[in-house]
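In: Okay, sequence plus prediction incoming.
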Amino acid sequence: MSDFLGFVYCSLFEKWFGAGLADHFFGFDCVTGEYSLSNQFNLIGLMTFIISLVSMIAYYYWPLDHPRFSKWWTWLIMLFVNSAICLFAGFYFANSDRKSGAISDCLMYFRDESGEILSTLITSAECWGFGLANSVIAAIFFFFLSMLFKWWSTSCKYSPF
């Protein structure tokens, strides 16, 4: 179960953010050559789920549970807001690790025999790709949470359909 969220992120979206960032979030340690560090996919997935849960509660229960907001397009706006928040949160997680040097050297750079850097493997583009993958997962969480819990809303129970 501890690798389930990593499996979801990587099986669906690894092309968007690359194997190096995936290995980093899975906890690969270049020194030992094993996945001995903490699996950050669990933390990121939990954060994404909580943001989606709070967004769903805000729409269906408080403060937006009002007949004025019980339209499909207001639900869609809330879905996009939730996804945008999780896009920037995912980007922040990846980019802060990249900038702080938390990503192992063997995952971050491709070097020649003398140790000179030939290319950088994880750039801000991969961080944005991870943020985009995180936003899609947030949209999936929001949709399923909406379908499960909308029925107890007083005004928005028939939104989005």
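Out: Happy to help now that I have it.

In: Residue 106 versus residue 59, what's the distance?
Out: 44 Å (CB to CB, to the nearest Å). The way it works is simple: take the backbone N, C-alpha and C, and place the C-beta from them, glycine included.

In: and those two? which has more neighbours close in?
Out: residue 59 (28 against 16; other CB atoms under 10 Å).

In: could you pull out the strands for this protein?
Out: 109-111, 117-120 (DSSP state E).

In: Let me have these in a markdown table, extended by mean pLDDT, mean neighbour count and distance to residue 82.
Out: Listed next are the strands of the chain as a markdown table, based on pLDDT from 0 to 100; neighbours: other CB atoms under 10 Å; distance: least, CB to CB, whole Å:
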| stretch | mean pLDDT | mean neighbour count | distance to residue 82 |
| --- | --- | --- | --- |
| strand 109-111 | 88 | 14 | 35 |
| strand 117-120 | 89 | 10 | 32 |
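
In: Tell me which of these lies nearest to residue 48.
Out: In terms of CB to CB, the element of the strands of the chain nearest to residue 48 is strand 117-120, at 26.6 Å.

In: Neighbouring strands - and their directions - for the closest one?
Out: Paired with strand 117-120 in the same sheet, following DSSP bridges, are strand 109-111 (antiparallel).

In: Am I right that residue 71 is in contact with residue 159?
Out: Yes. Residue 71 is in contact with residue 159 according to CB atoms under 8 Å; the separation is 6.4 Å.
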